[in-house]
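Asker: Kindly generate the corresponding structure for this input.
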Amino acid sequence: MERPKHYTELQVQTVCMVVVTAFAIGMGLYLLRPVLVPFMLAVFLAFMLSPILDLQMRYLRIPRYLALFITVVVAVAVLSVVTGITVSSITRLTNDSDRFQAEIETRLRDAVDRLPLESLGVQNKEEIDPMSFFPENLIQWILSRLTAVLTTLASQGILVLLFVIFLLLGRRAEPPSAESVGPEIERSVKRYLITKVVVSAVTGSLVFFTLNLLGIPYAIAFGALAFMLNFIPSVGSIIATLLPVPVLLLTPDISMVTFALAIVIPGVIQFSIGNLIEPKLMGDSLDLHPVVILLALIFWGMIWGPIGMLLAAPLTAITKIVLSKIDLTQPLADALGGRVGGLLEFR
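Answerer: Okay, the predicted model is just below:
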């Protein structure tokens, strides 16, 4: 049966309003990023620290303000140690990035010279530039972006710390109502963050011990990078696995077996933990389709840069939970979880 004309026009108007609203929200998030980025970092950090605060108050009977002071001091100390190790490791790699890039270019040109390209009709091998297939200064760009993230986090540390203190002080002692969205968001994000930190720490430690046993230089740097990049879903583990390749190519007396093991073993570690262990630990804490996570990485990366990529998964999970509590947007929430049947039937 043909739908009334006014019904079709109403659908078009609704779609246009959704597009305009989404664009306005995106512009608002982009323009307000100097405030929203540290605030969201503080929110997620407060989610992670709240169990420690509750443990001291509930079981150790420590007064609220003293427990908050102890929690903040411990958090600052741990973050300072982790950040210090990571920054020093990345700085060492960045200082040698030009040497790595030059060595890779030399090795690739030697490989091109040895190929029988004459049989393919190539007369002048010097016209072939193997580095044209790779982005210029790729290694230095990756490391510089990671350094920029850590620098931004450090520069905004005071503001984030103030937000965390006030967020923890403002937590209500009485349990919220079962119908409110807040408890579900807090449980989901808290479970994701705590699991992600533990899994990332185990991943980085295993990568470090593996490369250290194989005698690979900068093993602690690659372990720290594996810890950091593991917070970026899907893409981060691939980058962390391939980062040691320039150092392996530059190391003079490395055997092919060691070269292969230095790539394969960390890759197996990343794949096993990321695809087998981590989903079992997280369960349905996020319930997001992999394609949705990839699109979220692109979207939040465009708006908030590398920090947006770190926060993409939990931010999208929060959006999904809020959408699921509204009858009109329930099909959209199901679509974010990979269940598009309701969206296709949406009227």
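
Asker: going forward, measure contacts between C-alpha atoms and count neighbours the same way
Answerer: Fine.

Asker: top helix in this protein by residue count?
Answerer: Looking across the chain with DSSP state H, the single longest helix is helix 290-324.

Asker: What's the mean pLDDT across that helix?
Answerer: In this model, helix 290-324 has an average pLDDT of 82.

Asker: cool, and stretch 189-206?
Answerer: 85.

Asker: what's next to that stretch, contact-wise?
Answerer: By C-alpha atoms under 8 Å, 6 or more residues apart in numbering, the list of residues contacting stretch 189-206 from outside reads 44, 47-48, 222-228, 230-231, 266, 269-270, 273, 278, 281-282, 285-286, 314, 317-318.

Asker: In helices only, show me those residues.
Answerer: Those of the contacts of stretch 189-206 lying in helices (DSSP H): 44, 47-48, 222-228, 266, 269-270, 278, 281-282, 314, 317-318.

Asker: Of the residues you listed, select the buried ones using a PyMOL command.
Answerer: Restricted to buried positions by 16 or more other C-alpha atoms under 10 Å, the PyMOL selection for the ones in helices among the contacts of stretch 189-206 reads:
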select buried, resi 44+47+48+222+223+224+225+226+227+228+266+269+270+278+282+314+317+318
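
Asker: Mind giving me the packing neighbours of the helix or strand encompassing residue 80?
Answerer: Using DSSP states H and E, residue 80 sits in helix 64-95. Contacts defined by 3 or more C-alpha pairs under 8 Å, 6 or more residues apart in numbering; DSSP states H and E place helix 64-95 against helix 33-58, helix 138-155, helix 157-169, helix 219-229.

Asker: now do 7 Å
Answerer: helix 33-58, helix 138-155, helix 219-229 (3 or more C-alpha pairs under 7 Å, 6 or more residues apart in numbering; DSSP states H and E).

Asker: mean pLDDT for the ones you listed: which is lowest?
Answerer: The stretch with the lowest mean pLDDT among those is helix 138-155, at a mean of 66.

Asker: residues contacting residue 63?
Answerer: If you count contacts by C-alpha atoms under 7 Å, 6 or more residues apart in numbering, residue 63 has them with residue 57.

Asker: Equivalent analysis for residue 29, please.
Answerer: Neighbours of residue 29 in contact, by C-alpha under 7 Å, 6+ apart: residue 303.

Asker: Specify the angle between the helix or strand where it lies and helix 33-58 in degrees.
Answerer: Using DSSP H and E, the element containing residue 29 is helix 5-31. Counting by axes from the mean of the first three to the mean of the last three C-alpha atoms, to 10 degrees, helix 5-31 lies at 80 degrees to helix 33-58.

Asker: Buried residues, helix 5-31. List them.
Answerer: 26, 29-30.

Asker: Stretch 67-76 now?
Answerer: 67-68, 71-72, 75.

Asker: What mean pLDDT does it get?
Answerer: Rounded mean pLDDT across stretch 67-76 is 88.

Asker: next one: stretch 83-95
Answerer: On average, stretch 83-95 scores 73.

Asker: Give me the pLDDT value at residue 107.
Answerer: If you check residue 107, the pLDDT there is 68.

Asker: repeat for residue 5
Answerer: So, for residue 5, pLDDT stands at 54.

Asker: Same check on the one 5 residues further on?
Answerer: Predicted confidence (pLDDT) for residue 10: 70.

Asker: before we move on, what about residue 135?
Answerer: The model reports residue 135 with a pLDDT of 53.

Asker: picking that back up, and of the buried residues of stretch 67-76, the nearest to residue 87?
Answerer: Residue 87 lies nearest to residue 75 out of the buried residues of stretch 67-76, by C-alpha to C-alpha, at 17.7 Å.

Asker: Not counting sequence-adjacent ones, nearest residue to that closest one?
Answerer: Nearest residue to residue 75 in three dimensions, chain neighbours excluded: residue 49, at 7.8 Å (C-alpha to C-alpha, 6 or more residues apart in numbering).

Asker: List the contacts of the most centrally placed residue in the chain.
Answerer: For the chain, the residue nearest the mean C-alpha position is residue 232 (2.0 Å; C-alpha atoms, centre = their mean). Counting by C-alpha under 7 Å, 6+ apart, residue 232 touches 309-310.

Asker: count of neighbours near the residue nearest to residue 313 when sequence neighbours are not counted?
Answerer: Nearest residue to residue 313 in three dimensions, chain neighbours excluded: residue 293, at 6.2 Å (C-alpha to C-alpha, 6+ apart). By the measure other C-alpha atoms under 10 Å, the count of residues near residue 293 is 22.

Asker: What separation do you get for residue 293 and residue 244?
Answerer: 26 Å (C-alpha to C-alpha, to the nearest Å).

Asker: And residue 110, by the same measure?
Answerer: 21 Å.

Asker: quick one, which of these two is more surrounded?
Answerer: Legend: neighbour count by other C-alpha under 10 Å for residue 110 and residue 244, higher for residue 244 (21 against 11).
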